[in-house]
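Asks: below is the sequence, then the predicted model.
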Amino acid sequence: MKPGTTYIKTDSGRAEIAARAHALAPVQRRLLILIDGKKTINDLLAFVRVGELDTALEHLLQEGLIESSHAVHHLQAPVAPGFAAASPTELPRPATDPDQFKEVRSAASHFVSDRLGASGEPICAAIERCDSPAELRKLLRGVEIFIGQRLSAETTQDFARHFGALLL
């Protein structure tokens, strides 16, 4: 599937959101909800784990819940492996710009260090070794669990929401 391709919901897809008749897997339902004719495949990658997108989209297409909008947006090439390709009019953000990514990576490391002290040092080192937003997102899933075991649920949710949103 081409990164700049967009999809739209069919009438069946809109009905599925309301009725839940097809017993979709969580990733399939999430994508069905997110598909709006504007988000490209490249945009949708941020909402699924590596390797899940193609299979989920194929299922939605086969079920007749989505269809191609026949619009393909031309994207710039990614700046490095693991970074998203930005649209030409988009401002730099952590998922598309290495300098912005370094700032977010540093902020995540400081968050862990400030909250966990010395026990967070191995996590901080692992965060600093991440070379791409995709790699950091993957690591932060585990970090979120670790933080959740040591800090309040509210702090854990704040951490996940804040840094997850920055890396999309």
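Replies: Nice, thanks for sending it over. Numbers count the residues shown, from 1 in each chain.
Asks: could you list the domains of this structure?
Replies: Domain assignment for the chain by automatic domain parsing gives 5-72, 98-166.
Asks: nearest to residue 82, of those?
Replies: domain 98-166 (2.4 Å; CB to CB). (Each C-beta comes from the backbone N, C-alpha and C, glycine too.)
Asks: show the end-to-end separation of the closest one, please.
Replies: Start-to-end span of domain 98-166 (CA to CA, to the nearest Å) is 13 Å.
Asks: and that domain, average pLDDT?
Replies: Over the span of domain 98-166, the pLDDT mean works out to 87.
Asks: which SS class is the spatially most central residue of the chain?
Replies: Taking CA atoms, centre = their mean, the centroid of the chain lies closest to residue 46, which sits 2.2 Å from it. Following DSSP: H, G, I helix; E, B strand; the rest coil, we place residue 46 in the helix state.
Asks: so what touches stretch 113-125?
Replies: For stretch 113-125, the external contacting residues (CB atoms under 8 Å, 6 or more residues apart in numbering) are 109, 112, 143, 146, 147, 150, 151, 155.
Asks: what about the helices in the protein?
Replies: For the chain, the helices defined by DSSP state H occupy 11-19, 26-34, 41-44, 53-62, 98-116, 121-129, 133-150, 153-166.
Asks: list the buried residues in the second one.
Replies: The neighbour-count check on helix 26-34 (16 or more other CB atoms under 10 Å) flags 27, 28, 29, 30, 31, 32 as buried.
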